[in-house]
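> the sequence and its predicted three-dimensional model are supplied below.
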Amino acid sequence: MAKVVTVMNMKGGVGKTTVTMHLAGVLGRWHAYGSKPTKVLAIDYDPQFNLSQALLPAKDYFALEKQNKTVLSVLVEDESDLDPFKIQVPGNLKPPSVGSLSTPIFNGSKKGGGLDLIASTLDLMYVALGEANLNVKPIEERFTKFIEEARSLYDIILIDCHPAGSIFTQTSLRHSDHVVIPVVPQRYSVRGIGLMMEFIGAKSVGKQPATPHILFNNVPRIGVSSEEATIRADKKFAAHCMTNTLKKFKAFTEPEAGKNFVWSSGKAYSTEALNNLVRVSRELFTRIGG
Ligand SMILES: Nc1ncnc2c1ncn2[C@@H]1O[C@H](COP(=O)(O)OP(=O)(O)O)[C@@H](O)[C@H]1O
Ligand SMILES: [Mg+2]
């Protein structure tokens, strides 16, 4: 049974997509780092589809989108006549199978592992915009069934969620065991964390709340900023702060169209970034009991 991990922060540009992509990539290749083969599903749940763009060549992405092999098909049945102001309520409560929507990004070893992706689409915006007059129940039910099937097929499911508190963030949180909160330590980042903690609690009514893991991202390679130190010293957050941080490395900005990942790069400077990433992944893997 897979652990479901949502990567979320109300703030944009803090590295949600970067963190999702790199954790998913390393955990999907976990056997290469002396750990057990782990089968990973990454779900791009952001209409900006940055994760899909990073992991897939453009022509593959457009082919998928044309066939409606995106996360939008999980939520609604028929996308052909989507109208932002008159959203179609899905009549059919059964989502497509996970296998019919997922795309392999790379295979694992003979013993298993590997990474698959559920791509996103800008058309997801229609759902977000029509949300006010939307019956969310059928959408929730379809998402629930989809995640249930995915849990039986994978070891870890990582969801790249968009920033705002929309239906995507809510459904994603309700089905998550863990939330990774990437935080770039700067002046107002503490407010974002507080908001996230409240949001996680509020959206988990009637069930065990997802466990938060604060991951300081894009931090200098040496030293600890005063902002990071302040957050770590805060009683509300201390237990949730990951010990390892993801440092600022140019290598983490380079993936595009399924290429230039630190784990496949021959460039010398990528090695340090990869080592950093593996350390962060190992800590998270332990924290989620993977
Ligand atoms: N650890 C890092 N090192 C260097 N650049 C980073 C790092 N994390 C994020 N970035 C860069 O910061 C920008 C925002 O990251 P992104 O993952 O798109 O954020 P979000 O998904 O939260 O909007 C991108 O240009 C990304 O390449
Ligand atoms: Mg993003």
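Arrived safely, thanks for sending. Residues are numbered from 1 along each chain as shown. Ligands and ions are numbered 1, 2, ... in the order given.
> now do the same contact list for the spatially closest residue to residue 196 that is not a sequence neighbour.
If the residues on either side of it in the chain are set aside, residue 196 comes closest to residue 181, at 5.3 Å by CB to CB, 6 or more residues apart in numbering. (C-beta placed from N, C-alpha, C; glycine too.) Shown here is residue 181, whose contacts under the criterion CB atoms under 8 Å, 6 or more residues apart in numbering are 7-9, 193, 196, 212-215, 240.
> okay, and the beta partners of residue 181?
Beta-bridge partners recorded for residue 181 (DSSP bridges): residue 214.
> residue in the stretch 151-290 of the chain with the shortest distance to ligand 1?
Per CB to the nearest ligand atom, the residue of the stretch 151-290 of the chain with the smallest distance to ligand 1 is residue 253, at 3.5 Å.
> for the stretch 101-250 of the chain, which residues are neighbours of ligand 1?
The stretch 101-250 of the chain has residues 217-218, 246, 248-249 near ligand 1, with proximity defined as CB under 6 Å from any ligand atom.
> and with 5 Å instead?
Counting by CB under 5 Å from any ligand atom, the positions of the stretch 101-250 of the chain adjacent to ligand 1 are 218, 246, 248-249.
> buried ones among those residues?
Neighbour counting by 16 or more other CB atoms under 10 Å classes 218, 246, 248-249 among those as buried.
> Throw these into a markdown table and include secondary structure, distance to residue 234 and pLDDT, thanks.
Below are these laid out as a markdown table (DSSP: H, G, I helix; E, B strand; the rest coil; distance: CB to CB, whole Å; pLDDT from 0 to 100):
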| residue | secondary structure | distance to residue 234 | pLDDT |
| --- | --- | --- | --- |
| 218 | strand | 20 | 97 |
| 246 | strand | 20 | 98 |
| 248 | coil | 23 | 97 |
| 249 | coil | 27 | 96 |
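> just the residues you listed now: which is nearest residue 175?
Using CB to CB, residue 246 is the member of these that lies nearest residue 175, at 24.7 Å.
> circling back: host element of the residue lying closest to the residue of the stretch 151-290 of the chain closest to ligand 1 once chain neighbours are set aside?
For residue 253, the nearest residue in space outside its immediate sequence neighbours is residue 18; the separation is 7.5 Å by CB to CB, 6+ apart. Using DSSP states H and E, the element containing residue 18 is helix 16-28.
> any bit of the helix or strand just after that helix sitting next to ligand 1?
Note on helix 16-28: by DSSP H and E, the next helix or strand toward the C-terminus is strand 39-45. No - counting by CB under 5 Å from any ligand atom, ligand 1 has no neighbours in strand 39-45; the shortest distance is 10.5 Å.
> nothing else from me, thank you.
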